[in-house]
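In: here is my input; please provide its structure:
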Amino acid sequence: MKSRHFSLRSLTAIILVIALVCTFGYTLYDIQIVNGEFFSAQNSAVRTYTVPIEAARGEIVDRNGNPLVTNRQANSIILDAAYFPSGRENEARNTIILNLISLFEKNGEEYVNNLPLRLGSGGGVEFTEDEDDVEAMKSPDMFDLQSYATPQNCFDAMVEKYGLEGYDTETALKIGAVRYELTRLMFSIENPVAIALDVSDVTVAAVKEDGERYLGADVRPVTYREYADSSLAPHILGTVRKINAEEYAELRDEGYGINDTIGESGIEAAMESELRGTPGEMTVTIDAEGNITEEVTKEPVQGNTVVLTIDRDLQRVAQEMLKATCDKVSVSQSAGAVVVEDVNTGAVLAAASYPTYDLQDYYDDYSSLASNSRNPLFNRFALGAYAPGSTFKPMMACAALEEGVINEGTTFSCGGTWQYYDVTFQCLNSRAHGSENVREALRDSCNIFFYNCAERLGISKIDEYASMFGLGEKTGVEISEASGMLAGPANAERLGRTWQMGDTIQTGIGQSDNLFTILQLANYCATVANSGTRYDMHFVQSVINSSSGTIEETGATVAQELPIAQNTFDTVHEGMRMVAQQYTLSNVFKNAGVDVACKTGTSQVVKNGKVVNNGFLITYAPYESPEISVASAIELAGSGTETAEITSSLIEYYYANNTDEQPAQETDKLLS
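Out: Residues are numbered from 1 along each chain as shown. Got it, this is the predicted structure:
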């Protein structure tokens with residue numbers, strides 16, 4: 001029995017060996033004889049990869065061709081996977097990266113560190129403050145850890161993943177940060193990764209001269225945004241940044257790469273499709289012996305030039321005067337905005353917000369700007385919504401005249417107060433104006449007159465006309481803007497209260513829940529000035545194609561032709577002209593060079609528990625044949641009159657420098 005059992009086992013083993021040999025033999029026969037040509041071709045196959053070449057973004061210039069945003073070329077150090085050790089060669093990779101880090105630190109270069117881990121003061125590892133980055137680090141694509149993983153857990157996972165066991169904690173974090181960047185940005189032959197930006201010539205020379213020590217590192221020219229004046233129009237121009245993971249997932253089908261720059265805010269974001277260039281391509285070929293050749297097979301094409309409607313020098317005057325006025329009111333607390341618009345096209349000629357910031361500081365020290373209590377990053381002319389005060393009254397006059405609740409000869413008696421049932425409403429400073437018609441009521445900003453108008457019109461009609469003038473809705477500009485708010489029952493309901501007749505009466509003088517942006521006030525004033533044509537506002541005048549040189553003009557877009565009689569506008573114009581002829585304002589406007597029409601406004605707000613005033617002024621010029629409108633707001637100003645110096649300076653500059661005698665620049669000069 002024992003012998004028979006042994007023989008059966010032996011027979012089974014022999015059969016298995018024979019089967020294995022036959023299988024191996026057949027596989028060998030298939031590879032060498034049946035499919036020999038195929039596998040021979042595979043062994044000698046040439047591998048080809050396509051590497052994108054960055055295209056420079058288009059430039060941004062003002063209406064006269066003056067450069068606002070251009071490009072500066074500099075050098076970055078990249079890692080190229082075609083030459084860099086493979087991901088399995090941790091020790092070789094880490095040695096080269098440490099060599100590069102030593103070079104960067106020696107030459108004072110900054111290098112990538114998006115790893116959300118750092119060395120704590122006690123010598124331990126801790127998370128950085130960005131929770132989103134920490135979450136991304138723990139994701140399956142990175143270290144694949146549970147959400148409750150500690151900083152030490154993450155550090156240990158990094159050490160294991162990248163083979164950093166032989167390094168001290170500080171060095172491991174430095175090397176790990178570069179390795180983490182390679183993983184995060186999907187490092188491959190098709191996707192080189194920059195690890196140090198804008199490096200010095202000394203660093204460039206060192207990398208080029210010692211190819212063995214810095215194996216896989218290369219120098220790649222890149223472009224950076226440069227500003228003719230980085231303090232000019234930051235809220236309009238906006239910023240750029242590297243594309244994030246969510247944007248990449250959404251835009252990669254449109255040709256974006258994980259390393260691309262994208263517009264973040266302002267015109268940079270709004271005109272991204274025009275400013276973004278067309279990337280070029282470099283073909284990398286690796287033959288069977290491992291020899292590598294590179295050839296540029298598609299040249300990159302720079303993005304198009306965006307020509308703005310703003311005038312560089314007028315913009316500078318707006319910023320300087322706005323700052324001076326705000327500082328005069330309160331150096332530490334006042335803020336404001338001003339907008340200048342072409343009343344016949346809707347083009348924005350200047351727009352300033354204060355406090356403001358420097359675009360270079362945004363990139364160099366964003367955290368300080370973001371934490372500044374005065375919020376310089378906030379765009380007050382487009383996103384700040386204000387109660388307009390008496391600047392609302394020209395619209396009220398139009399509505400009341402057009403609806404027939406008054407005519408140009410109607411008068412109301414102002415005794416300083418006005419009784420509505422058991423509620424007493426006051427005129428400005430409780431001043432008694434006596435009997436006034438609509439022109440005189442605009443001149444004196446008589447609340448009593450417009451309380452009467454509001455009672456007769458009702459809130460529905462008030463809102464209907466306010467909407468015609470674009471109040472409480474976006475103006476159409478390319479950059480982000482607020483809608484504002486129209487006072488009324490629907491809005492009161494959203495705020496959890498019931499609309500009362502007293503609210504309607506307050507609305508008639510620009511109080512209640514009315515909230516408008518300075519862009520809206522400028523556009524409303526322009527619509528009054530041109531007698532009823534409301535244009536979409538815009539910052540982009542034209543786009544110049546970088547390849548063909550063709551120019552695509554934006555042109556004026558009419559949002560609405562208001563069904564209001566010319567006689568109504570004539571009456572309102574006369575009242576606004578009378579405002580500008582009052583002693584205080586006439587004294588300010590005497591240097592403007594042209595006759596103007598305007599309306600002041602003051603609104604009460606609560607700030608830090610105290611009731612304070614904001615001052616407003618809407619103005620157009622010239623009075624007889626309007627060309628521009630100006631709207632301004634100064635927080636904490638006692639009245640709209642305090643903003644008049646800004647407006648006067650802008651009008652004076654505009655008419656001193658805006659002549660038809662200057663020759664237009666040619667396209668090639670525009671781009672220089």
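In: how about stretch 107-123: buried residues?
Out: Neighbour-count burial for stretch 107-123 flags 109, 111-117 (criterion: 16 or more other C-beta atoms under 10 Å). For the C-beta atoms, the positions are set from N, CA and C on the backbone; glycine is no exception.
In: pipe those into CSV and attach secondary structure and pLDDT per row.
Out: Below are these laid out as CSV (DSSP: H, G, I helix; E, B strand; the rest coil; pLDDT from 0 to 100):
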residue, secondary structure, pLDDT
109, coil, 96
111, strand, 96
112, coil, 94
113, coil, 95
114, coil, 93
115, coil, 96
116, coil, 95
117, strand, 96
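In: for those residues, which one is nearest residue 493?
Out: residue 116 (45.0 Å; C-beta to C-beta).
In: nearest the geometric middle of the protein, what residue?
Out: The structure's the chain has its C-alpha centroid closest to residue 265; by C-alpha atoms, centre = their mean the separation is 1.1 Å.
In: give me the nearest residue to that one, chain neighbours excluded.
Out: residue 238 (3.9 Å; C-beta to C-beta, 6 or more residues apart in numbering).
In: could you measure from that neighbour over to residue 277?
Out: For residue 238, the distance to residue 277 equals 17 Å [C-beta to C-beta, to the nearest Å].
In: likewise for residue 286?
Out: Residue 286 sits 28 Å away from residue 277 when distances are taken as C-beta to C-beta.
In: comparing these two, which residue is more hemmed in?
Out: residue 277 (19 against 16; other C-beta atoms under 10 Å).
In: number of nearby residues for residue 422?
Out: For residue 422, the count of nearby residues is 5 (other C-beta under 10 Å).
In: what does it show for phi and psi?
Out: For residue 422, the backbone dihedrals (degrees, to the nearest 10) come out as phi -100, psi 10.
In: residue contacts, it?
Out: Neighbouring residues of residue 422 by C-beta atoms under 8 Å, 6 or more residues apart in numbering: there are none.
In: give me the pLDDT for it.
Out: According to the prediction, residue 422 has pLDDT 83.
In: the stretch 401-550 of the chain: strands as residue ranges?
Out: Listed in chain order, the strands of the stretch 401-550 of the chain (DSSP state E, counting those that start in this stretch) span residues 412-414, 417-420, 423-426, 434-436, 533-535, 540-544.
In: now render those strands as TSV, adding distance to residue 515 and mean neighbour count.
Out: Supplementary listing: those in TSV, determined by distance: least, C-beta to C-beta, whole Å; neighbours: other C-beta atoms under 10 Å:
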stretch	distance to residue 515	mean neighbour count
strand 412-414	27	19
strand 417-420	24	14
strand 423-426	21	12
strand 434-436	28	14
strand 533-535	19	21
strand 540-544	27	20
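In: pipe those strands into CSV and attach distance to residue 58 per row.
Out: Listed next are the strands of the stretch 401-550 of the chain as CSV, based on distance: least, C-beta to C-beta, whole Å:
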stretch, distance to residue 58
strand 412-414, 57
strand 417-420, 58
strand 423-426, 55
strand 434-436, 55
strand 533-535, 26
strand 540-544, 8
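In: those: which one's closest to residue 147?
Out: Between residue 147 and the strands of the stretch 401-550 of the chain, the shortest separation by C-beta to C-beta is 44.8 Å, and it involves strand 540-544.
In: and the closest one, how far from the chain's centre?
Out: Its chain's C-alpha centre and that of strand 540-544 lie 18 Å apart, by C-alpha atoms, centre = their mean, to the nearest Å.
In: what is the neighbour count of residue 490?
Out: A total of 12 residues lie near residue 490 under the criterion other C-beta under 10 Å.
In: got it, and residue 268?
Out: By the measure other C-beta under 10 Å, the count of residues near residue 268 is 25.
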